[in-house]
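[1] Dropping a prediction and its sequence here:
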Amino acid sequence: RTNMTANQMKEKWKHRRSRSPRGQNDWPDPNKYNSRSWFLFTLRNPLRKAAIAGIENKWWDRTVLLFIFLNTVQLALDDPMDKPEFRPYSLKRDVLNMVSKVFSILFTAECVIKVFALGLMVGPKTYLKEAWNWLDFFIVIVGILDFLPGSFSNLSSLRTLRVMRPLRAINKFPKLRFLTALLLQCIPLLSNVLGFCCFIFFVFGILAVQLFSGTLRGVCYGRDTGLSHGDSRCTLGGGMAECPIGYECLLLGTNPGQGTINFDSIGGAMVTIFQVMTLEGWTDLLYDIQDAYHFAVFLYFVVLIFVGPIFAIQLFLVVISTKFAETKESMKQMEVQGVASLQNDENEGNGDNKVAPAPEEPNKGSEDASQAPTVDTDIPDGKIKAANLTVHVDEDIANGNDAEKKTESTVMKTQSVAESTVVKTQSVAE
């Protein structure tokens, strides 16, 4: 008896050692991880199991997010003018550079552990098979540039890409990943709206070139002196800004915005219309053209703003909101289908373990008569022979969902019926 107890304890201890930290015998899940990493390390390798246990821990992503936040603060404190050429000795610059190298080491270690646990690129479930990890891998490679000496002038400019490190937070928040993927999916649909906006630019640009070409370059010059009368706009006729007596309006000035805002060509007109559609400084442009051309020119800008910012730009939001609603609806349908498929699988699994109910006899008497035993009086010593004993199982148990509960309840009812039958048999025998 003592030997059996020792053997049982030994088997129990061996079973506990074979179990995973999560309490699953098949951990790590072969359906989630490749069988080998770097062609060498299997799922039973203790180092790889430790790496998988680390990345599956809930504090792994939380710690990485904390490092990303702290690195963002460090990048915000960085002064681009704090360079050795301007400040040879700067404690703040040295400390921030050291902190940046520490974050580069931490992010590199995270990437190495993930690559060790998942594999790099050979296999269906490796690190680079997920497109969201490409950004992380690229940022880690850029972070390694912090350890290169300053003599690499061609590569030192790439160090400015360290500002992309906060983008790694996209990979840590599922909702943020969903919105980013949604915007990328909307690009083909937004191309139609962008084409419509370009059509508006082109049509209104042609009209503006025909009406306002050269009007923004008008400046008043003295007939006798040849000197300009300030930099204000003037009109050749029909506008609101007329030159004083002794001056004449000549198109010899420069266009506003250092020559970028003009209607002298179709290209310049489209750029100017784009500025108007952003509603940035369009009123100043309207007043200048009213001074140089005509007061009624406001009708052109009213129609342009109504068709552009109020209508065309809103189409972008309509497309994005429609795509968002469709994606949410499809996700809900997928969830409903997944739940239904799980229920069907459970029902099919329980259907295989159902207890078949006893067939009903065509001519049954009362419940006592159906369960009453028959007594053989020819048996000596008062022994009773019970026959035609039928045990009826409840319909609820027969159609239950859990096979184990049905089996236990069936056994209990069978035992109760058997006990009652024995009592009745003893009473008949007496």
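    Alright, I've got the coordinates. Numbering: from 1, shown residues only.

[2] drop to CA atoms for contacts and neighbour counts, all remaining ones
    OK.

[3] so for the strand or helix carrying residue 325, what's the average pLDDT?
    Assessed by DSSP states H and E, residue 325 sits inside helix 313-352. For helix 313-352, the mean per-residue pLDDT is 79.

[4] what helices or strands is that helix leaning on?
    helix 174-212 (3 or more Cα pairs under 8 Å, 6 or more residues apart in numbering; DSSP states H and E).

[5] Name the residues of the helix it packs on that come out as buried.
    For helix 174-212, the neighbour count (16 or more other Cα atoms under 10 Å) marks 182, 186, 190, 193-194, 196-197, 200-202, 204-206, 208-209, 212 as buried.

[6] ok, and the closest non-adjacent residue to residue 104?
    Spatial nearest neighbour of residue 104, chain neighbours left out: residue 143 (5.3 Å); criterion: Cα to Cα, 6 or more residues apart in numbering.

[7] My error: substitute residue 215 in the last question.
    residue 292 (5.8 Å).

[8] With residue 315 instead?
    Per Cα to Cα, 6+ apart, closest to residue 315 is residue 193, 6.7 Å.

[9] How about residue 144?
    Spatially, and ignoring its direct neighbours in sequence, residue 144 is nearest to residue 104 (6.6 Å; Cα to Cα, 6+ apart).

[10] So the residue nearest to residue 104 is in contact with residue 109, correct?
    No: between residue 143 and residue 109 there is no contact under Cα atoms under 8 Å: 11.7 Å.

[11] So those two - more neighbours on which side?
    residue 143 (24 against 13; other Cα atoms under 10 Å).

[12] Tell me how far that one lies from residue 64.
    From residue 143 across to residue 64, the span is 15 Å (Cα to Cα, to the nearest Å).

[13] ok, which stretches of this protein are helices?
    2-18, 46-56, 58-77, 91-118, 132-143, 153-156, 174-212, 266-277, 282-292, 298-307, 313-352, 367-371, 395-398, 403-429 (DSSP state H).

[14] Which pLDDT value belongs to the residue nearest to residue 215?
    90.

[15] Equivalent analysis for residue 264, please.
    91.

[16] Name the nearest residue to it, sequence neighbours excluded.
    residue 213 is the one closest to residue 264 (Cα to Cα, 6+ apart), at 4.6 Å.

[17] just residue 136 next, same as before
    Nearest to residue 136 is residue 168, by Cα to Cα, 6+ apart, at 6.0 Å.

[18] OK, contacts around the one you found?
    68, 135-136 (Cα atoms under 8 Å, 6 or more residues apart in numbering).

[19] Most neighbours among the residues you listed, which one?
    residue 136 (22 neighbours).

[20] In JSON lines: the contacts of residue 168, plus pLDDT.
    Shown next, in JSON lines, are these (pLDDT from 0 to 100):
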{"residue": "68", "pLDDT": "87"}
{"residue": "135", "pLDDT": "82"}
{"residue": "136", "pLDDT": "84"}
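
[21] Closest to residue 334 out of those residues?
    residue 135 (28.3 Å; Cα to Cα).

[22] how near is the residue nearest to the closest one when sequence neighbours are not counted to residue 274?
    Closest residue in space to residue 135, ignoring its immediate chain neighbours: residue 168 at 7.1 Å, by Cα to Cα, 6+ apart. Residue 168 is 33 Å from residue 274, where distance means Cα to Cα.
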